[in-house]
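Predicted coordinates and the sequence they were generated for:
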Amino acid sequence: MEQLRFGQAIGKALADAMEADPKVILLGEDIGEAGGPFGVTRGLYQRFGAQRVFDFPISEAALVGTAAGAALSGLRPVAEIMFMDFCTLAMDAIVNQAAKAHFMFGGQTAVPIVVRAPHGGGVNAGAQHSQCLEAWFAHVPGLTVVCPATPADAYGLLRTAIASPDPVLYIENKALYARKGEFPDTPAAIPFGQARTARAGRDVTVVTYGAALYQAEAAATQAAEKGIDVEIIDLRSLQPWDEAGVLASLARTHRLVIFHEAVEAFGVGAEIAARMADVGFDELDAPIVRVGAPFMPTPYAPNLESAFLPDASRLLAAIERVMA
Amino acid sequence: MEQLRFGQAIGKALADAMEADPKVILLGEDIGEAGGPFGVTRGLYQRFGAQRVFDFPISEAALVGTAAGAALSGLRPVAEIMFMDFCTLAMDAIVNQAAKAHFMFGGQTAVPIVVRAPHGGGVNAGAQHSQCLEAWFAHVPGLTVVCPATPADAYGLLRTAIASPDPVLYIENKALYARKGEFPDTPAAIPFGQARTARAGRDVTVVTYGAALYQAEAAATQAAEKGIDVEIIDLRSLQPWDEAGVLASLARTHRLVIFHEAVEAFGVGAEIAARMADVGFDELDAPIVRVGAPFMPTPYAPNLESAFLPDASRLLAAIERVMA
Amino acid sequence: MSKKSTPARSGQDTDMLLACYRGMLRIRKVEQRLSKLFADKEIPGFIHLSIGQESVPVAISRHLRDTDTIAATHRGHGQALAKGIDLTGFVAEMMGREHGICRGRGGSMHIADAKLGMLGANGIVGGGISLATGSALAHKLAGNGDLAVCYFGDGALAEGIFHECLNLAALWSLPVLFACENNGWGEFSRTDRQFCGSLERLAGAFGVPYRYADGLDVIEVTDVAGTLIAQMREDRRPAVLECRVERFHGHYEGDPQKYRDPAEMALLAERDPLARARQALTAAGVDTARFEALEAEIEAEIDAAVAEARAAPIPDFAAASADVYAQA
Amino acid sequence: MSKKSTPARSGQDTDMLLACYRGMLRIRKVEQRLSKLFADKEIPGFIHLSIGQESVPVAISRHLRDTDTIAATHRGHGQALAKGIDLTGFVAEMMGREHGICRGRGGSMHIADAKLGMLGANGIVGGGISLATGSALAHKLAGNGDLAVCYFGDGALAEGIFHECLNLAALWSLPVLFACENNGWGEFSRTDRQFCGSLERLAGAFGVPYRYADGLDVIEVTDVAGTLIAQMREDRRPAVLECRVERFHGHYEGDPQKYRDPAEMALLAERDPLARARQALTAAGVDTARFEALEAEIEAEIDAAVAEARAAPIPDFAAASADVYAQA
Ligand SMILES: Cc1ncc(C[n+]2csc(CCOP(=O)(O)OP(=O)(O)O)c2C)c(N)n1
Ligand SMILES: Cc1ncc(C[n+]2csc(CCOP(=O)(O)OP(=O)(O)O)c2C)c(N)n1
Ligand SMILES: [Mg+2]
Ligand SMILES: [Mg+2]
């Protein structure tokens, strides 16, 4: 196993997919010669050329809309939205066009696009460059939503996303780009809808995804010192998500905490909690507790943003609460 | 008490607000001379003139963006998005501009806009003219989201929304426009965040909002025949929502079903369920069950759409399940 | 409003005009039947008829291949029929049947026939613009000589996506024909109260060739579209075609059009591309019997399609709900 | 690139040029200090400096009232400073302090001063365009004679919202000045690889007056902006102003600009509006002592602001989290 950075794993998945299938093209602002705002696409323009890697004008609605149109005509475009916050400009193409075409047209067509969108805070970029909006997309029938936490998952899920005939929101936390992790010698595609047990434990299940995983691991370590054995489920896919996997863990631990960076209210965690309060009700020995960002825009000042972002200590407090 | 149609109550709230405050203006496609696609603004152009009621070009992004800009400069615009589905084109103005300005600017400014958006199906209008997307907006700090079910609430919440210094998504189910209901002689503003007990009952709490209320009432009647006494809470406000009110009801009935027209997965009901599985955990005698639309785009064919829309029979089955 | 009718210059010209007339008549007759089926509640929801606007898709489609793609609008029945959509599948779709081209899941605003390169009709004004532009990108990269046609109404000119795609198509030299069916109205409002730009000058601002044609005259549209499309097959660049047409019916079927000036309505008959073509054909010697035969032929086709659609089963909900994703 | 310097035509002209020079110098010096504070990690996040582009906001602001509104961009420090924002509040905001104009909640991309009619800087490219257009609608309805200025970069030209608002402003006669700071770049890509429209012809397509001015010459920009704005106060219509400027620093501070041709970079100094103005002032007899005094004065102001900002407390989280809604 070599070590690879998260951002490099994404770049490698793009490169391997482009190598494997000439129909894969990349569209995005500054992704070409410049290698992308976060360097994720570095070298791809040079390697695959201007007929495969397209620097897009600053027009996000057209970006996703043309990707969808190209997909309807046989290509497999991967569109990069520079910051997930800018998805606001492309919602029609994502939600009303790409997500619905297969169904509305009675199964005649498919829209195999991937929309890559970096989310997350921690870099003092302010309220319009930090949002985690995945819950919106998970609510839209026809979309698939994934959010990897490790380089191996980043690679595997992106390969699956690009191979998928359906539109996929592929969400990458920008704080992870530089983070190194183990990378298999022969990396594999990872199916949608399968969670990964990031840490086995007996006392409480923590469900998380994306960069929050690392805070969860830190909290689990601290909890272990207090004699609490935490199981961590990294969802990886948010739509579909691994309900059976979460339920199986809950059936062992009987306690559930859901942890994510996104705003807690009406976030992804709400759906997990709601399902477990239904299908997992008989397994529950304690309230289901969610830990997410408070209900406010991402603040700029470093001290405000640190207080805003959900962290290990808030998670630990929630773990202790459900253990009490 | 006279009887008024739901759509007329909205029109009256607009008229009264315009009468009371010259800063209130209306912006929307075909809302002027034509009286609006659903007749809601009928007569307002004739009454208040072209300086208060504006027919907007078909450009939804500019519609909400200019409303927000006008609000920043002292007006109180009410913008109509013809179908809620077209909010996809105005998400940036709603989410990145209007919702955040007060916070981002350190409280210097307010953005008193109301975005009126008709949601809901039942008229065989297909996948792009039927969506209930309220969960998106409830997830966005800075926005207020309301969804009335009765003419009186439609009036009262719209007056409150227009008077509010904050951006409000005011969601009206288009199937309700022609529906008549009691209308008080001196209609009052209705505060945000207060649910209404639409039916008192002891056995199970049904939380709902919008047009689904009427299906819930039908289900409650059917349940009563089976000896089940249903309490119906009409949320009215979705962000903020009346957590204390729902909890108080749950503390009496110990059983909770959440019912809405929107797609169930990641919908508004998920948040209600998640909160009750936390703060209401000790009150629960049964799983929390949600009933919403299945995870698919709204289909066109009448038989498909009927099967798609959540109805009293599905709700009744859920009620029976939690009573079992 | 000029009253000169299209001169039928030769036998060949007459054949072509007759073919155009037939295409327009077929759309007209189909939509008149849809209007009736709608009034009889055999078609649910709402439908937008293109009666008065038939010349544009008929003329454009004469120059299209099966592999060329089109993005259609909410007022797109004619666009679909002219591209060659199967009539039974089309009618059955409106009627919400399993044999509908979209298996009853889409309806009038979402008619699509993938085999014919239809990127779908669209319920979002301007929604097809970026789809067509993207499709043109695919054509360009495939090097197949195909092009994409983007139909849109004058109301859609105000949407930002038009600007974004005009820029992209010009910047990247994409073979997309932006075909504006300008009927002067967006729903219940005159377009001149909604949009004050000149389409010709907008196209010019991006260096995109622009041509105007009077939709009253199907031959003029055919000629102009032919010139643009031939050029596009050559140079693989975008172009804009604007056609003035009239919307005879309401915005949606059942719209009483109270907002329209009766005097203006009264003049519509003079702006009927079918009447105009028939006049020219008559002048060229086509006789009544021929017209009657044409009508009968088309009515028979429609009767058969409607009968077949009526007989078709309604769609199965379980199957529909299982078909949200293409991935099995 | 012409080397002629702005002729200072009279004593009055010299005073005006000096005032412009002082305004530009103040922006330059503030941003140079921000650059240092950023390098020293006293400013977090990312900031976009407008060094090389100071002439445009300085020139425009000369014609603005306090009650005129402006929508600023992500590269908007100069736009805010020229409008008169309090320097301490400005610097403290960058430093994330409670005394920041936005109480540390906004940062560089969200600088706003409501008292000065600032509709806010914006992190969304093109995000301010509709805000300014809406503000102009408010001015128009209030009948107050005020106008709105919408600053935007050349990269924003590709966003559809520009088209939508240009149409609206022209259609409704809204007093909004669309002021394009054209620096030839959008992030790391040349704008000519992103946008192929002519702004002049776009404006023309909507019948909106357009003027170009060379941002190298602050007097030229002042004159042209003055003409447009005077006209706008009169006729209450929109106008477009395009100014060519140079972006001396990277897209964001710390950007090594490897993607730029060193030869082009070397020529930048010749395109410095401050150098140009100083040259003209020198020719008009302004001596070194005067320049030094100016610099010293500005540096002292900046020193004081930075010191005060540094001394300010960091914001309180509980207070911030309670201030998401204006409604108490
Ligand atoms: C984005 C969006 N906004 C508004 C509507 C509602 N709507 C449907 S058709 C229409 C008018 C469109 O006018 P035009 O493009 O000229 O087409 P026409 O109906 O005249 O053929 C409007 C406003 C819509 N469907 N989509
Ligand atoms: C909607 C949106 N898309 C992309 C970005 C990322 N971005 C920030 S600045 C910029 C370039 C903008 O270019 P221009 O408008 O010319 O302004 P300049 O930076 O040159 O002053 C881009 C693409 C953004 N902030 N918002
Ligand atoms: Mg029209
Ligand atoms: Mg620029």
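Cool, the structure landed. Keep in mind that this is a model prediction, so the values were computed, not measured. Numbers count the residues shown, from 1 in each chain, chains lettered A, B, ... in the order given. Ligands and ions are numbered 1, 2, ... in the order given.

Taking the stretch 51-200 of chain A, what residue is nearest to ligand 1?
Nearest to ligand 1, among the residues of the stretch 51-200 of chain A, is residue A:92, at 7.4 Å (CB to the nearest ligand atom). All C-beta atoms are positioned from the backbone trio N, CA, C, and that covers glycine.

Next, give phi and psi for that residue.
Main-chain torsions, residue A:92, degrees, to the nearest 10: phi -60, psi -50.

Surely it is in contact with residue B:90?
No: look at residue A:92 against residue B:90 with CB atoms under 8 Å: they stay out of range, at 9.5 Å.

residues contacting residue A:222?
A:312, A:316 (CB atoms under 8 Å, 6 or more residues apart in numbering or on different chains).

Skipping its backbone neighbours, what lies nearest the residue of the stretch 51-200 of chain A closest to ligand 1 in space?
Spatially, and ignoring its direct neighbours in sequence, residue A:92 is nearest to residue B:88 (3.9 Å; CB to CB, 6 or more residues apart in numbering or on different chains).

hmm, stretch C:127-136 touching chain D?
No: figure legend: stretch C:127-136 not in contact with chain D (CB under 8 Å from any CB of the partner chain); closest approach 9.9 Å.

what about that stretch, distance to the chain center?
Mean-position distance between stretch C:127-136 and its chain equals 16 Å (CA atoms, centre = their mean, to the nearest Å).

Give me the mean pLDDT for it.
Here stretch C:127-136 scores 98 as its mean pLDDT.

just to revisit the earlier point, which pLDDT value belongs to the residue nearest to residue A:92?
So residue B:88 comes in at 98 (pLDDT).

Residue C:328 too?
79.

again, but for residue C:9
At residue C:9, pLDDT is 61.

do the same with residue A:318
98.

cool, and residue C:256?
89.

helix, strand or coil for it?
Taken by DSSP: H, G, I helix; E, B strand; the rest coil, the conformation at residue C:256 corresponds to coil.

Show the backbone phi and psi for it.
Dihedral angles for residue C:256 - degrees, to the nearest 10 - are phi -70, psi -10.

For it, give its distance to residue A:194.
Residue C:256 sits at a distance of 56 Å from residue A:194 (criterion: CB to CB, to the nearest Å).

neighbour-wise, which of these two wins?
Between residue C:256 and residue A:194, counting by other CB atoms under 10 Å in any protein chain shown, residue A:194 is the more crowded of the two (15 against 7).

Surely the more buried one is in contact with residue A:243?
No: applying CB under 8 Å, one finds residue A:194 not in contact with residue A:243, separated by 11.2 Å.

how about low-confidence regions in the stretch 1-150 of chain C?
Counting by pLDDT under 70, the stretch 1-150 of chain C contains low-confidence ranges at C:1-9.

ok so, going back, need the pLDDT of the residue of the stretch 51-200 of chain A closest to ligand 1.
As predicted, residue A:92 sits at a pLDDT of 98.

Tell me how many other residues crowd it.
Using other CB under 10 Å, residue A:92 has 28 neighbouring residues.

what does residue A:214 give?
18.

quick one, strands of chain C?
C:69-71, C:148-153, C:176-182, C:185-186, C:189-190, C:210-214, C:239-244 (DSSP state E).

Any part of the fourth one near chain B?
Yes: contact of strand C:185-186 with chain B is found when judged by CB under 8 Å from any CB, involving residue C:186.

Parallel or antiparallel, list what pairs with that strand.
strand C:189-190 (antiparallel) (DSSP bridges).

same check, this time on the longest one
Taking DSSP bridges as the criterion, strand C:176-182 sits next to strand C:148-153 (parallel), strand C:239-244 (parallel) in its sheet.

Just checking the distance from the last one to the centre of its chain.
Its chain's average C-alpha position is 13 Å from that of strand C:239-244, according to CA atoms, centre = their mean.

who touches it?
With CB under 8 Å, 6+ apart, strand C:239-244 has contacts from C:55-56, C:60, C:166, C:177-184, C:199-200, C:203, C:208-216, C:221, C:224-225, C:228-229, C:231-232.

for the record, mean pLDDT for it?
Strand C:239-244 comes out at a mean pLDDT of 98.

check whether it contacts ligand 1.
No: applying CB under 6 Å from any ligand atom, one finds strand C:239-244 out of contact with ligand 1, separated by at least 11.8 Å.

Can you name the residues that contact the closest residue to ligand 3 within chain A?
Across chain A, the shortest distance to ligand 3 (CB to the ion) belongs to residue A:92, at 19.5 Å. For residue A:92, the contacting residues are A:61, A:65, B:86, B:88, B:89, C:124, C:127, C:161, by CB under 8 Å, 6+ apart.

Next: residue A:137.
A:94, A:143, A:145, A:169, A:238, A:239.

Relative to ligand 2, how far out is the residue of chain C found nearest ligand 4?
The minimum distance from chain C to ligand 4, using CB to the ion, falls at residue C:167 (15.3 Å). The gap separating residue C:167 from ligand 2 is 14 Å, by CB to the nearest ligand atom, to the nearest Å.

per-residue pLDDT, that residue?
So residue C:167 comes in at 98 (pLDDT).

secondary structure class for residue A:118?
Of the three states, residue A:118 takes strand under three-state DSSP.

same thing with residue A:63?
helix.

so what pLDDT did it get?
If you check residue A:63, the pLDDT there is 98.

returning to what we had before: state the distance from the residue nearest to residue A:92 to residue B:137.
Applying CB to CB to residue B:88 and residue B:137 gives a distance of 12 Å.

Please apply the same query to residue C:162.
27 Å.

Now the closest residue to residue A:151 other than its chain neighbours. Its backbone dihedrals?
Excluding its sequence neighbours, the residue lying closest to residue A:151 (CB to CB, 6+ apart) is residue A:9, at 3.7 Å. Phi and psi for residue A:9, reported as degrees, to the nearest 10, are phi -60, psi -40.

which residues touch residue A:9?
Residue A:9 touches A:151, A:152, A:154, A:155, A:181, A:183, A:187, counting by CB under 8 Å, 6+ apart.

Quick one: buried ones out of those?
A:151, A:152, A:154, A:155, A:181, A:183, A:187 (16 or more other CB atoms under 10 Å in any protein chain shown).

and the next element down the chain from the host helix or strand of residue A:250?
According to DSSP states H and E, residue A:250 maps onto helix A:243-253. Note on helix A:243-253: by DSSP H and E, the next helix or strand toward the C-terminus is strand A:256-263.

Can that next one be said to contact chain D?
No: applying CB under 8 Å from any CB, one finds strand A:256-263 separated from chain D by no less than 10.8 Å.

re earlier: report the buried residues of the helix holding residue A:250.
For helix A:243-253, the buried set under the neighbour-count rule, 16+ other CB under 10 Å, comprises A:243, A:245, A:246, A:247, A:248, A:249, A:250, A:253.

Ignoring the adjacent residues along the chain, who's closest to the second one?
Think residue A:245. residue A:195 (4.2 Å).
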